[in-house]
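Engineer: Structure for this input, please:
(chains A and B)
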Amino acid sequence: MDVVLLQLLTGLSGASSLFLVAAGLTVIFGVTRVVNFSHGSLCMLGAYIGWTILTHLPRDPAWFVAGVLLTAAATGLIGMALEMTLLRRVYRAPELFQLLATFGVVLMVQDITQWIWGAEDLPLPRGRWLRGGVEILGGRFPIYDLALIGVGPLVLGLLWLLFTRTRWGTLVRAATFDREMVSALGVDQRMLFTSVFALGAALAGLGGALGLPQASANLNIDLTVITDAFVVVVVGGLGSLVGAFLASILIGVLQAFGVLLLPQATLVLAFLVMAVVLVLRPNGLLGKAQATARSASIACLVRPAPTALKLFAMAALLVAITAPFWTEPFLLSVLTEALISILFAASLHVMMGPGGMPSFGHAAWFGIGAYTVGLLVGAPLPLALPLALLVAGLIAAAFGLFVVRLSGVYLAMLTLAFAQIVWAIAFQGVSFTGGDNGLLGIRRPGWALDAGNFYWLTLGVCLGGTLLLRRILYAPLGYAIRAARDSAVRAEAIGLPTNRLRLAAFTLAGAAAGLSGGLFSYAKGSVFPTYISIGHSVDALLMVLLGGVDSISGPIVGALAYTGLYDMLLRATSLWRLVLGATIVVLVVAFPEGIAGASQRLWHRVRPT
Amino acid sequence: MSVLAVSGLQKNFGGVRAVDDVSFSVAAGEMLALIGPNGAGKTTCFNMVGGQLAPDHGAIHLAAQNVTGLAPRQIWRLGVGRTFQITATFASMTVRENVQMALISHHRGLWRIVRAARFSHVAEASDLLGQLGLDDQADRAAGLLAYGDLKRLELAMALASRPTLLLMDEPTAGMAPTERMALMALTRRLATERGLAVLFTEHDMDVVFGVADRILVLDRGRLIAEGSGTEIRANPQVRAVYLGTGATSGGH
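Structural biologist: Numbers count the residues shown, from 1 in each chain, chains lettered A, B, ... in the order given. As a prediction, this is how the structure comes out:
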């Protein structure tokens, strides 16, 4: 019995920390409609700033509280600066570009933090009061954790007072409900947005500082925290504070017991909860149905490529085919990877562009393909590669049944949840996936051992696959998929089965990504859980969005540009994340329609059709 | 035999009875207008016939087949084309491609992946575009059309499946008066030539009295009158609904 109670208390204290971060995220989303990926980074900054402040203060409770509040204020100011310099410029951009811009911030903050505080974990020297505990039913429970349990409800209460009893709070609630109306009434939106963002950032900083005594300031906080916070916010319903509170308790307590009962599945648990909730309640526990996505505002006509572009593509193909004759081995391996990236990005394009389903976990399919090859140790390549495609496609078809019922951010989050589940299986299923050590020694058959031959195989498979996808997009099926995206009600009224079409797009995307993953296993000779990481999913998103979502040339250009940029950066500077992040931010602000989209527009401006 | 027969149709939204015990039928070649003040339940009726909403009570028959509660797609398959009050077209396609899409669906070519879609049913699409006077706009993006043209595009898409029943929700809203009459004259011709049954709602009374064979008047969800233009004009209950009970007589 006492074990259960102690575990429950542990869960509730974890829930408090979760809630602080999630509350900030949900408040920001409610007003600005931006899903702030950099929220975890603000939390991480809170931890580091808190560490610096608290190590300079006397170690007693009163000073601790003062230091933590000071940290929250400092993070609030950083948030304010971030909003005024960057976010303000992307409010009108499509949802995914906002996510991308804030992910650029994540990368930048990682390098800046490491540059200032170093790569070592920074534990907080704990004063005597922090080590104290209380006797509960014969067990000892840390007094700090007990205090933390109270913080969640306290903050919820304060926020409630702020939102219901002040003029500012009323405006925020009104803006959450109808942003246009509030601005039509003459409220200065800019002040409102900046202050809301500052509040959210302060909450994140508070969460980061309060987490210090239990852990340490480290560079992994940002992505860990943001995935947890996404789960909480999505389970609770985007924009709902009370929903976030309930969800954080649900997930905090479940995780506490999960550690006890199923230590092998702790990573999967939270995402499993999210998946179940989203399937049963597509808008989260307390969320309301979202207004239709803004991304559908200006849809581009899809035209066959102009002759000049086709000629250019032929020339590029010629260069690509002859590459093994004139490049050094290192460049050839980079090119091989770039080709795989093209198919990977093109597969994401199919579901994101024409399918209208943004995915935040596309690496899942890549990983499934890669592990299929990795686990079929004995199978010859001509059998293993098609199996990678087939297995990924079949799993995508099954999982897609749930996905296609959602849209927008919720859909993106469900795909993220699925990718995290696949990642967790790869990471924790040590007995068959090798866990963190991965699967090594994937051997290519004799004829493909030669780097040049394998390069040609990759060229054939990836370009063939991409061209096939393009073919399908221009064929009736592709048009029907696009029709279902443009107007579901019209599509149904002329007999198009919209959900089946979306499922077809999803399955195609999964299968093609699986094929690219299988090839990647052979290219590297090994498979690791990192293939399924959030970072890799974001890579795919970056490639598609950099290139532009409106035509298949987008992901091709994007994949090449991204692979090239990445490789150059890795070699040129140790601060590559900072440069890459800044580049992403600048690109999003400058070219909201992607590189290919922007050059297409320029082309048409020069040569009106 | 009627193409569409609706009996005892009822639909509640929360505590509001939007449609209450409505029965009517449409014969082949007949144009039936559904009129009434805003909020009378016209679009709700339409959405139940089209399958976008399921009725709480009542039955809908197409020819002899009971289609109550079927999905829009199944109802479309049985020969019902429709246009929407708020136009719905495919914004990322040209006008021609919108029509081609409807034709591809009609000819069951949806899952083909080899030949490019823009080469599908070109002649048939041109024919439909010509009939509706959209040929000069054929290669423009549907998202860039004027509202009246969008309405015509919707009609072209609805006609692509050679329907036996056409549902038109405010077909002429946003059009110039001459355009209105031209569109309704075209619809009239199609109804006569193909034996197409047409059910439409409309706020423009010139259009209603000009082309409808029969008129149904809805008020607060109930059917209060049914008859020819002359009968409806003379009906005191209809005058009360439209003009108010104490109204002085005069043109509308």
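
Engineer: how near is the closest residue to B:Thr172 other than its chain neighbours to A:Leu171?
Structural biologist: Using CB to CB, 6 or more residues apart in numbering or on different chains and skipping the chain neighbours, the partner closest in space to B:Thr172 is B:Arg180 (4.0 Å). Placement of C-beta: from N, CA and C, glycine included. Here B:Arg180 is placed at a distance of 45 Å from A:Leu171 (CB to CB, to the nearest Å).

Engineer: For A:Leu385, which residues are in contact?
Structural biologist: The neighbours of A:Leu385, taking CB atoms under 8 Å, 6 or more residues apart in numbering or on different chains as the test, are A:373, A:461, A:515, A:518-519, A:522.

Engineer: so which of those is the most crowded?
Structural biologist: When neighbours are counted by other CB atoms under 10 Å in any protein chain shown, A:Gly518 leads the contacts of A:Leu385 with 32 neighbours.

Engineer: I figured it hits A:Tyr371, correct?
Structural biologist: No. A:Gly518 is not in contact with A:Tyr371 according to CB atoms under 8 Å; the separation is 9.2 Å.

Engineer: just the helices in chain B please.
Structural biologist: Along chain B, the segments classed as helices by DSSP state H run B:42-50, B:72-77, B:95-106, B:122-131, B:147-159, B:177-194, B:205-211, B:229-234, B:236-243.

Engineer: What mean pLDDT does stretch B:240-248 get?
Structural biologist: Average pLDDT, stretch B:240-248: 64.

Engineer: Please apply the same query to stretch A:530-547.
Structural biologist: Stretch A:530-547 shows a mean pLDDT of 87.

Engineer: Let me know the secondary structure of whichever residue of the stretch 301-450 of chain A sits closest to chain B.
Structural biologist: In the stretch 301-450 of chain A, the residue that lies nearest chain B is A:Leu301 (4.9 Å; CB to the nearest CB). Under DSSP: H, G, I helix; E, B strand; the rest coil, A:Leu301 falls in the coil class.

Engineer: ok, it - how many residues close by?
Structural biologist: Counted with other CB under 10 Å, residues neighbouring A:Leu301 total 17.

Engineer: Spatially, what comes nearest to it if we skip its sequence neighbours?
Structural biologist: Nearest non-adjacent residue to A:Leu301, counting by CB to CB, 6+ apart: B:Ala141, 4.9 Å away.

Engineer: can you pull the pLDDT of the residue in the stretch 151-252 of chain B that chain A sits nearest to?
Structural biologist: Using CB to the nearest CB, B:Met157 is the residue of the stretch 151-252 of chain B that sits closest to chain A, at 5.8 Å. If you check B:Met157, the pLDDT there is 95.

Engineer: can you tell me how far the residue lying farthest from the centre of chain B sits from A:Gly353?
Structural biologist: In terms of distance from the mean C-alpha position of chain B, B:Val114 ranks first, at 34.6 Å (CA atoms, centre = their mean). To A:Gly353, B:Val114 is 21 Å away according to CB to CB.

Engineer: and B:Leu53, what does it touch?
Structural biologist: By CB under 8 Å, 6+ apart, the contact set of B:Leu53 is B:11, B:44, B:47.

Engineer: Which one of the residues you listed is nearest to chain A?
Structural biologist: Checking those one by one against chain A (CB to the nearest CB), the nearest turns out to be B:Asn47, at 10.1 Å.

Engineer: need the residues of the stretch 101-250 of chain B near chain A, please.
Structural biologist: The interface of the stretch 101-250 of chain B toward chain A, taken as CB under 8 Å from any CB of the partner chain, is made up of B:101-102, B:104-106, B:109-118, B:120, B:141, B:143, B:154, B:157-158, B:160-161.

Engineer: Any of those residues buried? List them.
Structural biologist: B:101-102, B:104-106, B:109-110, B:112, B:117-118, B:120, B:141, B:143, B:154, B:157-158, B:160-161 (16 or more other CB atoms under 10 Å in any protein chain shown).

Engineer: Would you mind writing the CA trace of the helix or strand bottoming out on mean pLDDT in chain B as PDB?
Structural biologist: Lowest mean confidence among the helices and strands of chain B (mean pLDDT, DSSP states H and E): helix B:236-243, at a mean of 81. C-alpha atoms of helix B:236-243 as PDB (Å, rounded to 0.1, in the frame of the first residue of the first chain):
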ATOM      1  CA  PRO B 236     -52.100  34.500 -47.500                       C
ATOM      2  CA  GLN B 237     -49.900  32.400 -45.200                       C
ATOM      3  CA  VAL B 238     -46.900  32.900 -47.500                       C
ATOM      4  CA  ARG B 239     -47.600  36.600 -47.700                       C
ATOM      5  CA  ALA B 240     -47.700  36.700 -43.900                       C
ATOM      6  CA  VAL B 241     -44.300  34.900 -43.700                       C
ATOM      7  CA  TYR B 242     -42.600  37.100 -46.200                       C
ATOM      8  CA  LEU B 243     -44.300  40.500 -45.500                       C
END
